[in-house]
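**Q** Just need the structure, nothing else, for what follows:
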Amino acid sequence: MTSIPLIETRTLSKSYFNEDVETAVLFDIDLRIEQGEFVAIMGPSGSGKSTLMHILGFLDTPTSGAYLFKGKPTVDLDDDALARIRALSVSFVFQSFNLLPRTTVFENVMLPLLYHPSIPEREREERVKHAIEMVGLTDRSGHLSNQLSGGQQQRVAIARSLVTEPEVIFADEPTGNLDSASGVAVMATLQELHRLGHTIILVTHEQTTAEFAQRIIHIHDGRIHSDTRNARQKSAAQVHALK
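**A** Alright, predicted model coming up:
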């Protein structure tokens, strides 16, 4: 029996409209992503990769075609259902970190849980501690985020994305603002999370970053140009150890 993918799109297309002008961005995207995969979606600026990520992450909606999440169509989801999915099932790591600068690492990671009053305070604290430990920053838990290096700040952002225990983590150009050594360290963290069972969808324009994923999807001019298993997947931990 064929398993139900975590994410599936069928002839998904997206256009933006400005008065009478239509700008088509995505065309007939057919895609399946299974639970536990590490997928890189890559392409040049303007290729449509970020638009696709926004649709898959419930930040935008397709113009036509279908998007199924865990086998269920998303087109008829009401605002409350979408809010629950955004809060519990998906999370994001952005290029710009989006941390509160005069707030500690612990408080930054706690932030998403403040929107979940049903979670007891003790459980929130345990989740935060565990997430910080997973990205190797336990000794920095009490530091202000603006006292950290760029690579450490991005790892805080990854920890923050973990505390809601999402089903998929979207990483949007997570190494874009980092030097090469810090970027590899961040990719090592994402690879470790994947090893532990997390589904990771990475969006990047850099081939060297995409090569840390197990599967690479190339998008060009709004269409999937190729979708291949990465037979030469790099180990970020090994690369980082050599730097």
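**Q** Enumerate the helices of the chain by residue range, in sequence order.
**A** 49-56, 79-88, 105-110, 121-134, 150-162, 180-195, 207-210, 236-242 (DSSP state H).
**Q** and I33, bridged to which residues?
**A** I7 (DSSP bridges).
**Q** per-residue pLDDT, it?
**A** Per-residue pLDDT puts I33 at 97.
**Q** what's the neighbour count on it?
**A** I33: 20 surrounding residues under other C-beta atoms under 10 Å. C-betas here are computed from N, CA, C, even on glycine.
**Q** quick one, what contacts it?
**A** Residues near I33 by C-beta atoms under 8 Å, 6 or more residues apart in numbering: P5, L6, I7, E8, V39, T199, I201.
**Q** List the buried residues in stretch 60-67.
**A** The neighbour-count check on stretch 60-67 (16 or more other C-beta atoms under 10 Å) flags D60, P62, T63, G65, Y67 as buried.
**Q** Endpoints of stretch 65-84, how far apart?
**A** Length of stretch 65-84, first residue to last, C-alpha to C-alpha, to the nearest Å: 23 Å.
**Q** now that stretch: how far from the chain's centre is it?
**A** Centroid separation between stretch 65-84 and its chain, computed with C-alpha atoms, centre = their mean, to the nearest Å, is 18 Å.
**Q** what's it in contact with?
**A** Applying C-beta under 8 Å, 6+ apart, the contact partners of stretch 65-84 are 4-13, 28-29, 55-56, 58, 61, 85, 89, 167.
**Q** List only buried entries from these.
**A** For those, buried by 16+ other C-beta under 10 Å: 5-9, 12-13, 29, 55-56, 58, 85, 89, 167.
**Q** want to try TSV for those, with distance to V128 and pLDDT as columns?
**A** As requested, these are arranged in TSV below (distance: C-beta to C-beta, whole Å; pLDDT from 0 to 100):
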residue	distance to V128	pLDDT
P5	31	95
L6	26	96
I7	28	97
E8	33	97
T9	34	98
L12	36	97
S13	40	97
I29	36	97
I55	30	96
L56	27	97
F58	24	95
I85	22	91
S89	19	92
E167	19	92
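**Q** Could you work out the most separated pair of those residues?
**A** Spatial extent of those (C-beta to C-beta) is set by the pair S13 and E167 at 24.9 Å.
**Q** Now do the same for the residue of the chain positioned farthest from its centre: its pLDDT.
**A** Residue farthest from the centre of the chain, counting by C-alpha atoms, centre = their mean, is D20 at 33.6 Å. You'll see D20 listed with a pLDDT of 85.
**Q** And for the one 4 residues further on?
**A** Confidence per residue is given as pLDDT, and for A24 that number is 94.
**Q** Would you mind measuring from it to S50?
**A** A24 sits 15 Å away from S50 when distances are taken as C-beta to C-beta, to the nearest Å.
**Q** Now for the chain, the helix or strand with the poorest mean pLDDT.
**A** Counting by mean pLDDT, DSSP states H and E, the chain has its least confident helix or strand at helix 236-242, which shows a mean of 76.
**Q** Low-confidence stretches in this protein?
**A** The model of the chain has pLDDT under 70 over residues 1-2, 242-243.
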